[in-house]
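Participant: Generate a structure from the sequence data that follows.
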Amino acid sequence: MGEKSVQKKKYILETARRVFMEKGYKNVTMKDIVEACEISRGGLYLYFDSTEQIFLEVLELDAAETDDVFTENITQEDTAADILTLFLKEQKKELLRKKNTLTVAVYEYFFAHKSTDKNNMLRRQFDAGVRVLEKLIEAGIASGEFYCEDPRGAASNIMYVLEGMKIDAQTFGITEKMVDEQLLYIMQGLIIE
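Facilitator: Numbers count the residues shown, from 1 in each chain. Sure, this is the predicted structure:
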């Protein structure tokens, strides 16, 4: 794929992301993406076969960008507590964002495509988050910053709390105070004072 094709595909994915944010997953058609991109139907089909294929690539792109933002802000001097705080701050930003989020589309997609196998992207991302947090907690224990008898259990609990707050944010609504209380509870459960 030439540079022009790579740029066109990226443009389609970025535009499609906005369409999925606005309409969710289940209400988006190829026609919606064609119109948003202002390209021909054939032009879209040169790159993608379906809205599902586009959506999955949007999720991959989104995950890579999120990882980049997080890792770019970590320095060599950062402690495990600093890194955990940064991670939780990024999660807070995502939770409080009322628009420009793929959360509804993600849940619509995965409710419609119930897959319990290891290829389920949502499961892979969740499990990867648990593994990263577990390693971070273990590093904090080794440096004397954290106390935790079950790093994997604590990491899983953090991920479940964050997922629950994502759902709350999209259904009941969530306030900054509510998010802060939960994140403070997480930190207090680990930090040695």
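Participant: What residues does N100 make contact with?
Facilitator: Neighbour list for N100: M21 [criterion: CB atoms under 8 Å, 6 or more residues apart in numbering]. For every residue, glycine as well, the C-beta is placed using N, CA and C.
Participant: Am I right that it is in a strand?
Facilitator: No: counting by DSSP: H, G, I helix; E, B strand; the rest coil, N100 is not found in a strand; it is coil.
Participant: and the gap between it and N157?
Facilitator: Computed as CB to CB, to the nearest Å, the N100 to N157 distance reads 28 Å.
Participant: can you check E57 too?
Facilitator: Using CB to CB, we find E57 at a distance of 31 Å from N157.
Participant: what residues does stretch 27-35 touch?
Facilitator: For stretch 27-35, using CB under 8 Å, 6+ apart, the contacting residues are 12, 15-16, 19-20, 23, 40-41, 43-45, 50-51, 54-55, 105.
Participant: And the residues you listed, which two are furthest apart?
Facilitator: Between any two of the contacts of stretch 27-35, the greatest separation by CB to CB is 24.6 Å, found for S40 and A105.
Participant: between these two, which one's more packed in?
Facilitator: The residue with more neighbours, out of S40 and A105, is A105; 23 against 10, by other CB atoms under 10 Å.
Participant: contacts for the helix or strand harbouring that one?
Facilitator: Here A105 sits within helix 103-112, counting by DSSP states H and E. Applying CB under 8 Å, 6+ apart, the contact partners of helix 103-112 are 20-21, 23-26, 28, 52, 55, 59, 120, 122, 166-167, 169-170.
Participant: Which of those residues are buried, as a ChimeraX select command?
Facilitator: Selection of buried members from the contacts of helix 103-112 for ChimeraX, criterion 16 or more other CB atoms under 10 Å:
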select :20,21,23,24,25,28,55,59,166,169,170
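Participant: In helices, which of the contacts of helix 103-112 fall?
Facilitator: F20, M21, K23, E52, F55, L59, L122, K166, I167, A169, Q170 (DSSP state H).
Participant: how far away is the residue nearest the centre of the chain from V179?
Facilitator: In the chain, the centroid-proximal residue (CA atoms, centre = their mean) is A63; its distance is 5.7 Å. Look at A63 and V179: by CB to CB, they are 21 Å apart.
Participant: shaky segments in the protein?
Facilitator: Low-confidence segments of the chain (pLDDT under 70): 1, 66-73, 115-119, 193.
Participant: Tell me how it divides into domains.
Facilitator: Here the domain parsing of the chain from automatic domain parsing is 1-57, 73-193.
Participant: so what's the residue nearest to the centre of the chain closest to, chain neighbours aside?
Facilitator: Q125 (6.2 Å; CB to CB, 6 or more residues apart in numbering).
Participant: ok so the one you found is a helix residue?
Facilitator: Yes: under three-state DSSP, Q125 falls within a helix.
Participant: need the helices for the protein, in chain order.
Facilitator: So, for the chain - with DSSP H - the helices run 3-23, 30-37, 41-45, 51-72, 80-96, 103-112, 121-142, 151-171, 176-188.
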